[in-house]
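> sharing a model that was predicted from the sequence below.
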Amino acid sequence: MKITTNSVVSVTYKLNSKPEGGEEKFIEEAGKNNPLTFLFGVGGMIAGFEINLDGLAVGDKFNFSVKPADAYGEKHPDNLVDLPIEAFKNEKGEVQRDMLKIGAIIPMQDNEGHHMRGIVTKVGINEVTMDFNHPLAGNHLRFEGEVLAVRTATADELAHGHVHGPGGHHH
Ligand SMILES: [Zn+2]
């Protein structure tokens with residue numbers, strides 16, 4: 001059967017990302033022993049990924065690129081935030097200078113307790129600039145892989161909006 005809305009799909013993939021005008025970089029891969037299994041067409045994946053897999057069948061290979069707008073979006077300047085250096089103090093009240101390296105990813109919480117990860121982009125005496133854009137925002141993504149399995153989702157899976165069994169939820 002062909003991949004369509006409400007199919008349960010298993011694929012291998014290798015993901016490379018490339019910023020505008022930059023070099024392509026390997027990000028992650030899922031091989032035959034740990035394929036990506038997901039419910040197709042319910043919005044759980046980036047749009048550009050599903051558009052390119054739509055209609056493929058078991059054994060089909062793919063290699064396509066997705067522009068930022070159809071992946072994690074463009075980097076948004078509003079997501080660059082200057083935080084007071086006090087935000088990086090430990091329990092003893094000491095600023096943790098060793099973790100404030102350009103490019104370091106730091107887990108943080110906003111005022112409402114939402115967890116988010118920021119990338120350190122600038123370190124000043126009194127302020128640190130954090131980038132809360134998705135790490136792959138502004139990147140073109142290239143997916144290369146193969147369709148391993150396609151089946152119709154069960155009624156339970158459709159009701160829950162996710163896959164059950166191997167590669168999915170066990171409950
Ligand atoms: Zn479930």
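Nice, thanks for sending it over. Numbering: from 1, shown residues only.

> how many residues are close by the closest residue to the ion within the chain?
Ranked by C-beta to the ion, the top residue of the chain for proximity to the ion is H160, at 3.3 Å. (C-beta placed from N, C-alpha, C; glycine too.) Residues lying near H160 (other C-beta atoms under 10 Å) number 15.

> how about V147?
V147, neighbours per other C-beta under 10 Å, totals 20.

> ok now the helix or strand encompassing it, how far from the chain's centre?
Element membership for V147 (DSSP states H and E) is strand 139-152. Chain-centre distance of strand 139-152: 14 Å, with C-alpha atoms, centre = their mean, to the nearest Å.

> one more: stretch 135-155?
Worked out by C-alpha atoms, centre = their mean, stretch 135-155 lies 11 Å from the chain centre.

> how about the residues of the protein by the ion?
Within the chain, the positions near the ion by C-beta under 5 Å from the ion are 160, 169.

> all the helices of the chain, in order from the start?
Using DSSP state H, the helices assigned to the chain run over residues 47-53, 155-160.

> could you dump those into a markdown table with mean pLDDT added?
As requested, the helices of the chain are arranged in a markdown table below (pLDDT from 0 to 100):
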| stretch | mean pLDDT |
| --- | --- |
| helix 47-53 | 97 |
| helix 155-160 | 96 |
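
> and those helices, which is most packed in?
Mean neighbour count (mean count of other C-beta atoms under 10 Å) peaks for helix 47-53 among these, with a mean of 18.

> and that helix, what other elements does it pack with?
Packing partners of helix 47-53 (3 or more C-beta pairs under 8 Å, 6 or more residues apart in numbering; DSSP states H and E): strand 61-66, strand 139-152.
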